[in-house]
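Asks: take this sequence and fold it.
(one chain, ligands or ions: 2)
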Amino acid sequence: MSMPRLDSDDEIESLPPDIAKKARALLMSLVRPHSAMIIFLAVIVVLTAALMVIGPVFIADALDQGVPAAIDGDMGPLIRAVTFFVVSAVASAILAFTSTRLVGITAQKILFTLRERVFTHVQRLDLGYHEKSTSGRLVSRQTSDMESVQQFLSYSLFETALAVLQMLFIAVTLVVLDVPLAIVAFAGFVPLFFITKAAHSTQRSAYRRTRTSIAKVIVHFVETMGGIRAVQAYRRQPERRGTLSDQDARYRDANTDALRGVAWFAGWTRLIGNITQTVIIVVGAWLVIEGWTQIGVLAAFILYLRRFYGPLDELVQAFNLYQSASAALEKIAAVLDTDPEVVEPTQPKALPAHASGGAPPADNDAAPTRPATGRSLDLDGVRFAYADGPDVLPRFDLHIPAGQIVALVGATGAGKSTLVKLVTRFYDPSVGRITLDEVDLRDLDDGQLRSSVVMVTQESFLFAGTIADNIRIGNPGASDEAVVAAATAVGLDAYIRRLPEGYATDVKKRGGRLSSGQRQLVSFARVFLADPDVVVLDEATAHLDIPSERLVQNALATVLEGRTAIIIAHRLSTVEIADRVLVMESGRIIEDGTPDELISGTGKFAQLHQAWRDSLV
Ligand SMILES: Nc1ncnc2c1ncn2[C@@H]1O[C@H](COP(=O)(O)OP(=O)(O)OP(=O)(O)O)[C@@H](O)[C@H]1O
Ligand SMILES: [Mg+2]
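Replies: Ligands and ions are numbered 1, 2, ... in the order given. Down below sits the predicted model:
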């Protein structure tokens with residue numbers, strides 16, 4: 001087995017053309033519920049900026065009016081100016097606290113909603129989507145991209161608004177204070193404008209590269225950890241590490257480039273700011289000497305100038321964060337924009353009531369003992385191909401009467417798993433229909449479909465939690481008695497009771513020690529508890545030893561009783577409990593009959609059966 005290489009990253013990262021618009025719409029939908037808060041914050045921004053700007057006015061006032069008056073013995077104007085200054089300083093502190101706090105709370109609420117929305121959406125996406133895209137890509141959406149949006153919303157947005165407003169207010173104040181000096185101060189912006197323009201496009205591409213490269217690092221990491229058994233078994237660690245460090249280096253370089261832009265910009269703004277100040281001092285001194293300007297005005301001017309050029313640094317940082325965050329939001333929007341191909345009906349139809357009176361389990365307390373017969377399953381003229389691949393099932397017709405146990409056999413790639421994925425509606429057929437008791441699967445609501453048709457997968461996935469929790473997945477409301485009854489039915493009860501903590505044993509600690517047969521029994525117990533009409537099972541190919549195989553086989557027979565079943569059989573013993581055997585080849589049924597009929601015949605199955613027999617002796 002060769003390790004899959006993820007050269008298609010660029011392709012999976014491709015975004016729809018109108019994604020910027022979609023990202024904006026997404027942002028609006030997230031922000032709208034908080035519009036009252038945002039208006040409130042906008043008012044705070046205006047007040048804060050105004051207070052910051054007004055401070056030096058009091059200083060100018062103190063110097064130009066207060067000090068001369070004090071010299072003349074009138075302390076009033078000076079005290080008044082100082083009091084205003086102190087009050088504005090305190091008010092500004094209170095506003096800073098309030099705004100930081102409220103911005104934090106609001107940003108976190110927005111992020112919370114966004115994370116939930118992405119998770120819910122991703123879970124709803126069809127299996128086809130998940131088979132196409134790597135989970136690492138989704139992990140990077142949910143982690144690094146979220147982080148980037150969060151950084152911008154929590155730390156940057158408010159600061160940016162504040163900086164812009166402050167500069168605007170200062171510009172107005174400068175003009176009011178002294179027009180010639182204001183013109184000198186604004187002149188500094190001319191070179192800054194050109195520098196910003198020049199930096200803009202390189203910054204943008206550097207930031208795009210950081211988003212893409214960090215996603216690749218995460219994808220690679222998740223893939224490696226997900227396949228750690230294979231990685232270790234085939235000693236691929238050096239290769240995996242090599243690839244990771246290549247990708248990590250690209251991330252490093254992209255970040256370095258982005259930060260170099262920031263550094264250049266910071267340097268230039270500082271330099272231009274300082275040059276402007278020097279010019280202001282020279283020109284201002286001359287104006288004061290000539291008597292055209294007062295010394296207080298000049299002092300205020302210099303104070304303002306620091307505040308005028310100061311926020312530019314922040315704006316540069318904010319601009320970068322903004323670029324990074326908007327690239328991230330676009331990627332998140334693209335995930336949310338993907339619609340599941342398998343959709344729930346708007347007007348679902350109900351399945352007919354069970355013919356034999358075996359009502360579906362009405363209450364969760366009752367151990368699932370039901371005299372049901374399962375439901376009939378039909379495939380009418382079904383054709384299916386994956387995405388843009390060739391037809392896997394060219395034309396498939398099949399009738400399975402209620403309660404029949406069908407074993408599906410055939411060479412690898414014959415389309416067995418595909419058939420099963422259609423029956424469980426992980427995919428919809430391209431043509432034709434699949435019906436359960438005459439009702440099209442596409443007309444069933446998801447709840448009814450999932451409780452009627454249950455698939456037991458090869459991997460018998462165990463989630464973190466106790467053994468009881470893992471069995472209860474079949475029916476989350478089931479009582480402890482029902483869980484025990486299900487475990488007993490599949491012959492797992494005795495084993496569980498021998499564990500130190502019994503049913504409360506944490507699977508995480510035990511998971512590794514559960515044998516593959518025991519895992520399979522857990523998944524059977526789940527099915528028993530779920531009590532579906534139709535069971536679909538992709539049997540593990542792993543060879544169990546004969547006693548375990550017997551155990552699993554008995555459990556399977558118990559679980560399947562009174563249900564319709566399709567089992568992809570890899571074992572002889574499984575075929576033996578089936579009522580009917582279907583042999584598949586290239587998406588078609590080539591043999592169909594009872595096990596005995598087929599064994600005594602001369603077809604593919606008879607040969608296969610002989611080979612099985614021989615392998616047992
Ligand atoms: N997600 C997928 N996307 C594209 N093609 C797929 C996908 N899954 C399976 N196929 C293709 O469909 C064909 C049938 O595959 P399928 O998994 O149904 O075979 P199978 O009979 O279950 O084989 P096996 O016994 O090895 O499990 C194969 O040619 C396979 O390459
Ligand atoms: Mg398969």
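Asks: residues contacting residue 464?
Replies: Going by CB atoms under 8 Å, 6 or more residues apart in numbering, residue 464 touches 506, 507, 508. No exception for glycine: its C-beta is placed from N, CA and C like everyone else's.
Asks: and what of residue 418?
Replies: Counting by CB under 8 Å, 6+ apart, residue 418 makes contact with 384, 386, 392, 393, 427, 587.
Asks: can you pull the buried residues of the helix or strand in which the fourth one is found?
Replies: What it means is residue 393. Secondary-structure assignment from DSSP states H and E places residue 393 in strand 391-400. Across strand 391-400, burial judged by 16 or more other CB atoms under 10 Å covers 392, 393, 396, 398, 400.
Asks: name the helices or strands packed onto the next helix or strand after that strand?
Replies: Following strand 391-400 in sequence order, the next helix or strand is strand 405-410 (DSSP H and E). Applying 3 or more CB pairs under 8 Å, 6 or more residues apart in numbering; DSSP states H and E, we find strand 405-410 packed against helix 416-423, strand 564-568, helix 572-577, strand 580-585.
Asks: ok, now with 6 Å
Replies: strand 564-568, strand 580-585 (3 or more CB pairs under 6 Å, 6 or more residues apart in numbering; DSSP states H and E).
Asks: most tightly packed of the ones you listed?
Replies: strand 564-568 (a mean of 26; mean count of other CB atoms under 10 Å).
Asks: what parts of the stretch 401-550 of the chain come near ligand 1?
Replies: 410, 412, 413, 414, 415, 416, 417, 418 (CB under 6 Å from any ligand atom).
Asks: from those residues, which two are the most distant?
Replies: Of all pairs drawn from these, the greatest distance, 12.1 Å, lies between 412 and 418 (CB to CB).
Asks: and the residue of the stretch 201-350 of the chain that's closest to ligand 1?
Replies: Nearest residue of the stretch 201-350 of the chain to ligand 1: residue 341, at 12.5 Å (CB to the nearest ligand atom).
Asks: that residue: neighbour count?
Replies: Residues lying near residue 341 (other CB atoms under 10 Å) number 13.
Asks: wouldn't it be in contact with residue 126 here?
Replies: Yes: using CB atoms under 6 Å, residue 341 is in contact with residue 126, at 4.9 Å.
Asks: which stretches of the stretch 351-500 of the chain form strands?
Replies: 377-385, 391-400, 405-410, 431-436, 439-440, 453-456 (DSSP state E, counting those that start in this stretch).
Asks: pull the helix or strand with minimum mean pLDDT from the chain.
Replies: Lowest on mean pLDDT, DSSP states H and E among the helices and strands of the chain sits helix 9-12, with a mean of 42.
Asks: by contact count, what packs against the next helix or strand after that helix?
Replies: Following helix 9-12 in sequence order, the next helix or strand is helix 19-31 (DSSP H and E). Where contact means 3+ CB pairs under 6 Å, 6+ apart, helix 19-31 is packed against helix 295-337.
Asks: thinking again about what came up before, TSV for the buried residues of strand 391-400, including pLDDT and distance to residue 288?
Replies: What follows is the buried residues of strand 391-400, written out as TSV (pLDDT from 0 to 100; distance: CB to CB, whole Å):
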residue	pLDDT	distance to residue 288
392	93	87
393	93	91
396	91	94
398	94	98
400	94	99
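Asks: dump those into TSV; add distance to residue 551 as well.
Replies: What follows is the buried residues of strand 391-400, written out as TSV (distance: CB to CB, whole Å):
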residue	distance to residue 551
392	34
393	34
396	34
398	31
400	27
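Asks: JSON lines for the residues you listed, including distance to ligand 1?
Replies: JSON lines is the format used below for the buried residues of strand 391-400 (distance: CB to the nearest ligand atom, whole Å):
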{"residue": "392", "distance to ligand 1": "4"}
{"residue": "393", "distance to ligand 1": "9"}
{"residue": "396", "distance to ligand 1": "12"}
{"residue": "398", "distance to ligand 1": "15"}
{"residue": "400", "distance to ligand 1": "18"}
